[in-house]
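For reference, the sequence and a predicted model appear below.
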Amino acid sequence: MSMRFSVLASGSTGNAMYVETASQRILVDAGLTGKKMDELFKKIDRDPKQIDALLVTHEHSDHIKGVGIFARKHQLPIYANKKTWNAMEQQLGQLSIEQKFEFDQDTVKQFGDIEVESFGVSHDAADPMFYCFRQGGRKLVLATDMGYVSERIKKTIEGADSYVFESNHDLNMLRVGRYPWNVKRRILSDLGHVSNEDAALALGDVIQDKQVDVYLAHLSLDNNMKDLARMTVKQVLEQEGHRVGESIQIYDTDPNQPTALSVV
């Protein structure tokens, strides 16, 4: 079986993504309650007890809320870098030593037939990192919670077949919205989140001339809308000469509903 994935949930209320092949099942983050995580797995008809690894991106609550309880219930091994472990360990509760593994930033680990490469991002966490998944010549990228997309990140993620990519906010909605200025400043900073337009510009730099699926992720509930994010990304990519609707397909993600299991 080729590599498949589902964005189980995406947004400021909780994030999780599932990746599978014939021999491996990987969960990235569990930012919802243990009960909600079980419900999401039921919706994609998968058994959490069969997960081989739970990879953590960083210690913010919308990425680790359910990690401890979910890992204890289903006896899952957890992988994170050392600084993230130090930042989140108390929040996870009691875990056995057999469940704790380190996965350093900017390294490659093999999980069965899936090669996973970690890469650091600019975000206000201890040592945030996201992942590229490779199997059978196919490449899937998960990249959210970025203040900006550096040239180093672009080099790492270029040429993927599927992207789950942050499109957090519309600049105008954020500027006139109800958030206090200090929160707006944090979101707009190099340690915050990527806007719709900046997401599209970065994607335009890394998408190569082949069939590519783009899943717009981590949309703000207050400062974005699915239709607006999709329209903005489409317009910018087309201005850059990309064929949206032909070689590039754009999909939504949701805070509460998983995407269908899709082949990378």
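Received, thanks. No experiment lies behind these values; they were computed from the predicted model shown.

Which parts of stretch 111-129 count as buried, going by neighbours?
Residues of stretch 111-129 classed as buried by neighbour count (16 or more other C-beta atoms under 10 Å): 111, 114, 116-123, 125-129. Any C-beta I mention is one placed from the backbone N, CA and C, and that applies to glycine too.

Out of those, which is nearest to residue 182?
The shortest approach to residue 182 among these belongs to residue 123, at 16.8 Å (C-beta to C-beta).

thinking again about what came up before, strands - which of the buried residues of stretch 111-129 land there?
Judged by DSSP state E, those include 111, 114, 116, 117, 118, 119, 120, 129 as members of strands.

which residues sit in contact with the third one?
Under the criterion of C-beta atoms under 8 Å, 6 or more residues apart in numbering, the contact partners of residue 116 comprise 26, 55, 103, 108, 109, 110, 131, 132, 133, 134.

Tell me which two of these sit farthest apart.
It's 103 and 134 that sit farthest apart of these, by C-beta to C-beta, at 15.4 Å.

ok, and for the host helix or strand of residue 37, which residues are buried?
In this assignment (DSSP states H and E), residue 37 forms part of helix 34-43. Neighbour-count burial for helix 34-43, counted by 16+ other C-beta under 10 Å, picks out 34, 36, 37, 38, 40, 41.

ditto for stretch 221-235
For stretch 221-235, a neighbour-count test (16+ other C-beta under 10 Å) marks 223, 224, 228, 229, 230, 232, 233, 234 as buried.

where does it sit relative to the chain's centre, distance-wise?
Counting by C-alpha atoms, centre = their mean, to the nearest Å, stretch 221-235 is centred 17 Å from the centre of its parent chain.
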